[in-house]
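S.K.: Compute the structure for the input listed below.
(4 chains)
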Number of protein chains: 2
Amino acid sequence: MPRVKQRTEALHERGLASAMAVLAEAGVAGLTTRTVAERARASLPAIYEVFGDKAGIVREIFFEGFRLLGAELAALPPAADPLEALRRLAEAFRRFLLAHPMLAEVMFSRPFADFDPTKDEARAGAKVRRIFVQHVRNAVDAGQLDGDPTDIALIFFTLVEGLAAAENAHRLGGSKQSSDRRFRLGVNTLLDGFAT
Amino acid sequence: MPRVKQRTEALHERGLASAMAVLAEAGVAGLTTRTVAERARASLPAIYEVFGDKAGIVREIFFEGFRLLGAELAALPPAADPLEALRRLAEAFRRFLLAHPMLAEVMFSRPFADFDPTKDEARAGAKVRRIFVQHVRNAVDAGQLDGDPTDIALIFFTLVEGLAAAENAHRLGGSKQSSDRRFRLGVNTLLDGFAT
DNA sequence: CACCGTTCCGTAACAGTGTTCCGTAACGAT
DNA sequence: ATCGTTACGGAACACTGTTACGGAACGGTG
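M.R.: Now for the predicted structure:
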């Protein structure tokens, strides 16, 4: 056996941590293979061996983002009222996007021309989707909402994500109050529409 | 007076047409200053003089997209029922995004790290926004919807855009029927929620 | 017609990406 | 000590955005 490998799983983890940090600090434009390599104190080819290509780095960020989001949503304290729980779910989602704007771009926008998550997406967002569906199902079972839980969850999620993205882009009004009000108005109105 | 200028408004228009064609055919990744210049039969510096930088090209595409969308929405035949008109507006918006997926990415996603449309956006999307607000106002005046037309229009637009984007990304279901059904369910349910 | 000054043009270069080749060196076995 | 195997990273490649600058075109002038 020749020399011992350095381009291991440990480097992969260090590289992902570096990539997350670079993304948060320097944004999408600052995330280059070289900046990731430097921050991980690794050579450029080492990063390439561990991630394959730049799309591989973005893919890992994408997955990590959904892991973080899933964990945060799963950790929400239970609410007695299923509808109230759905509202809190929306608020938690919104907080996550506001707290991690760059990460949110990678997760819900397509800032890198390569990396088309069409296939991976299903697995990455599975947990988040399951949480939304479960919350909706609770409300349906409680007789508060009417319809197919999967349909409702999908539409609810789409509105919440759109509103949160709009808020991040300051399209929901300049002040905190107006975006606050509009976000809640949208969420509550859609839930009203699905109400029995 | 020395030689006659070639880098004129005419080249600007030819360049924009080239950029639109390149974007539609080769996608975001294929839109480079060189491909635009080649297609416009112009030199690279000529394109730069006319557009400033690459962000300038993207900006023009962005504006042109909203012009096209605005014209298409404005040309919709009038409907007697304001609610039905809103539904048709949503469908027309959806058709536009399905017909111009690459253009839609530039307009509603952020595929280029530079070009932050935060400021231009207001002017570019003004007409489209006005159409949505006007349709909502009609429904409010007719006593079919209840609330501030601007708020309702903003939320309605956000849902429609989100659903259309989800459909483009095949997140609304595999078959045409299921995405069709979910799109309409979402639109109708939100309108129900805003109904008087 | 020859010259000139102004203005414009596009070649060719620069810097910064993503990506990979290949010479070098480390390591265990002999 | 030597060797064969393997891993490592400097340095290069291709392609992008961007621009400096030498030279050409054009109207005016003698």
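S.K.: distance between stretch A:57-70 and the chain's centre?
M.R.: The chain centroid and the centroid of stretch A:57-70 are separated by 7 Å, computed with C-alpha atoms, centre = their mean, to the nearest Å.
S.K.: So which bits of chain A are right by DNA strand C?
M.R.: Counting by C-beta under 7 Å from any atom of the strand, the residues of chain A close to DNA strand C are A:1-4, A:31-34, A:44-45, A:48, A:53-55, A:114. Every C-beta, even on glycine, is put in place using the N, C-alpha and C of the backbone.
S.K.: now with 6 Å?
M.R.: A:1-4, A:32-34, A:44-45, A:48, A:53-54 (C-beta under 6 Å from any atom of the strand).
S.K.: Which one of the residues you listed is nearest to chain B?
M.R.: The closest of these to chain B turns out to be A:Thr32 (C-beta to the nearest C-beta; 10.8 Å).
S.K.: How many residues are close by the closest one?
M.R.: A:Thr32 has 13 neighbours, counted by other C-beta atoms under 10 Å in any protein chain shown.
S.K.: Now do it, the pLDDT please.
M.R.: Each residue has a pLDDT score; the one for A:Thr32 is 98.
S.K.: Now do the phi/psi pair for it.
M.R.: According to degrees, to the nearest 10, the main-chain angles of A:Thr32 amount to phi -120, psi 160.
S.K.: Then A:Asp146?
M.R.: Torsion angles at A:Asp146 (phi, psi; degrees, to the nearest 10) stand at phi -130, psi 130.
S.K.: Now stretch A:11-21: buried residues?
M.R.: Across stretch A:11-21, burial judged by 16 or more other C-beta atoms under 10 Å in any protein chain shown covers A:11-12, A:14-16, A:18-20.
S.K.: can you redo the residues you listed as CSV with secondary structure?
M.R.: Shown next, in CSV, are the buried residues of stretch A:11-21 (DSSP: H, G, I helix; E, B strand; the rest coil):
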residue, secondary structure
A:Leu11, helix
A:His12, helix
A:Arg14, helix
A:Gly15, helix
A:Leu16, helix
A:Ser18, helix
A:Ala19, helix
A:Met20, helix
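S.K.: low-scoring stretches of chain A, by residue?
M.R.: Applying pLDDT under 70 to chain A flags residues A:1-2.
S.K.: What's the separation between A:Ala92 and DNA strand D?
M.R.: According to C-beta to the nearest atom of the strand, to the nearest Å, A:Ala92 and DNA strand D sit 38 Å apart.
S.K.: Now do the helices in chain A.
M.R.: For chain A, helices defined by DSSP state H occupy the ranges A:9-30, A:33-39, A:44-51, A:54-74, A:82-99, A:101-108, A:120-124, A:126-141, A:149-168, A:176-194.
S.K.: and those, which is most packed in?
M.R.: Mean neighbour count (mean count of other C-beta atoms under 10 Å in any protein chain shown) peaks for helix A:149-168 among those, with a mean of 23.
S.K.: Specify the angle between it and helix A:176-194 in degrees.
M.R.: Per axes from the mean of the first three to the mean of the last three C-alpha atoms, to 10 degrees, the angle that helix A:149-168 makes with helix A:176-194 is 170 degrees.
S.K.: Tell me how far helix A:149-168 lies from the chain's centre.
M.R.: Distance of helix A:149-168 from its chain centroid, counting by C-alpha atoms, centre = their mean, is 12 Å.
S.K.: and that helix, is it in reach of chain B?
M.R.: Yes. Applying C-beta under 8 Å from any C-beta of the partner chain, one finds helix A:149-168 touching chain B at A:151, A:154-155, A:158-159, A:161-163, A:166.
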